[in-house]
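>>> Quick one: sequence plus predicted model below, questions after.
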Amino acid sequence: MVAEHEQPLHPPGGLFPTVWAYVRRAPGTYLWLLALLFTTFLMHHINPAFTDDFLRRRSTNLHQLAIDPVRVLAASTLWLDGGSWFGYFVLYNLFQVPAERWLGTLRWFLVIALAHVGATYISEGALYWGIQHGRAPHSAVNTLDVGVSYALAGAQAVLVYRIAPPWRYGYLAGLLLWYGSALVSGRTFTDVGHFTAALLGLACYPLTRGRGGPWDPATLHPLAWLRAQRSRHRRNRRAGHERRHGR
């Protein structure tokens, strides 16, 4: 126990409490980022000759989904298939963090789980159809399919309901154009998965009810949140001082 006269290592209103206040409002996202940081580090220390087989056994391909679907659906979200960890750190702070803070951790998890699982089965179903009709080789049942992009697309889509009109419609159009153009030009099973994940995120509107009014980008100020956090810490420090002195 710290005596009352001792000063904390990081006084209220400092950088550490401000960052911690931000992180703890999206615990699921930051724990996920921490897990991805660990697995990314691990991948860089695995024998390259072993890497492909290692990831394939954690892939949501047709073969693994038929053998152990629950395990691979969970395991595939812990590995990055291309792209740097820092790039996903930026994307998660732009989309996953706001989604979790707005919806709450449970509802946010339901959104990304639905997007990940639903898009995986629909995209792999499209691949299976392609194999059955000679559009893809039979070896595609073992294709490598890991990563977090379906869950990210679902989070990006559900944020449509967080943004106030008319900004909402521009964001929605940009989202559909981004994933729709990739589907039209690429026409791979992963393109099907990304577009499907975005549609599933949009279908999660019922989970957004009662989660506060829409955010208007016109009110955005770069320092508004920081000032609000510092003001809150000052109020807490003043209240603690008054309690200690019996006021």
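On my side now, so go ahead.
>>> Make sure residue 111 is actually in contact with residue 153.
No. At 10.7 Å, residue 111 does not count as touching residue 153 under the criterion of CB atoms under 8 Å. Heads up, the C-betas are built off the backbone N, CA and C, glycines and all.
>>> Can you work out which residues contact both of these two?
residue 201 (CB atoms under 8 Å, 6 or more residues apart in numbering).
>>> In three-state terms, label the residue nearest the centre of the chain for me.
Central residue of the chain (CA atoms, centre = their mean): residue 96, 3.9 Å from the mean position. Secondary structure for residue 96, judged by DSSP: H, G, I helix; E, B strand; the rest coil, is helix.
>>> what about the residue nearest to it when sequence neighbours are not counted, distance to residue 148?
Spatial nearest neighbour of residue 96, excluding adjacent residues (CB to CB, 6 or more residues apart in numbering): residue 29 at 4.4 Å. According to CB to CB, to the nearest Å, residue 29 stands 11 Å off from residue 148.
>>> any idea where the helices of the chain begin and end?
Taking DSSP state H as the criterion, the chain carries its helices at 15-23, 27-43, 48-56, 62-67, 69-75, 85-91, 97-103, 105-132, 149-158, 167-186, 189-202, 224-244.
>>> distance of the residue nearest to the centre of the chain from residue 33?
From residue 96 to residue 33 the distance is 8 Å (CB to CB).
>>> what do you get for residue 149?
15 Å.
>>> Check residue 136 too.
For residue 136 relative to residue 33 (CB to CB), the value is 34 Å.
>>> and if you look at residue 82?
17 Å.
>>> Name the stretch among the helices of the chain that sits most buried.
Among the helices of the chain, helix 149-158 has the highest mean neighbour count (mean count of other CB atoms under 10 Å), at a mean of 26.
>>> Dump that helix to CSV, restricted to CA.
Presented in CSV, the C-alpha positions along helix 149-158 are these (Å, rounded to 0.1, in the frame of the first residue of the first chain):
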residue,chain,number,x,y,z
SER,A,149,-8.8,-8.7,-42.6
TYR,A,150,-12.4,-10.1,-42.6
ALA,A,151,-12.9,-9.0,-39.0
LEU,A,152,-11.4,-5.6,-39.9
ALA,A,153,-13.8,-5.2,-42.8
GLY,A,154,-16.7,-6.0,-40.5
ALA,A,155,-15.6,-3.4,-38.0
GLN,A,156,-15.2,-0.8,-40.7
ALA,A,157,-18.7,-1.5,-41.9
VAL,A,158,-20.5,-1.3,-38.6
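>>> Report the angle between it and helix 105-132.
Angle of helix 149-158 versus helix 105-132, following axes from the mean of the first three to the mean of the last three CA atoms, to 10 degrees, is 120 degrees.
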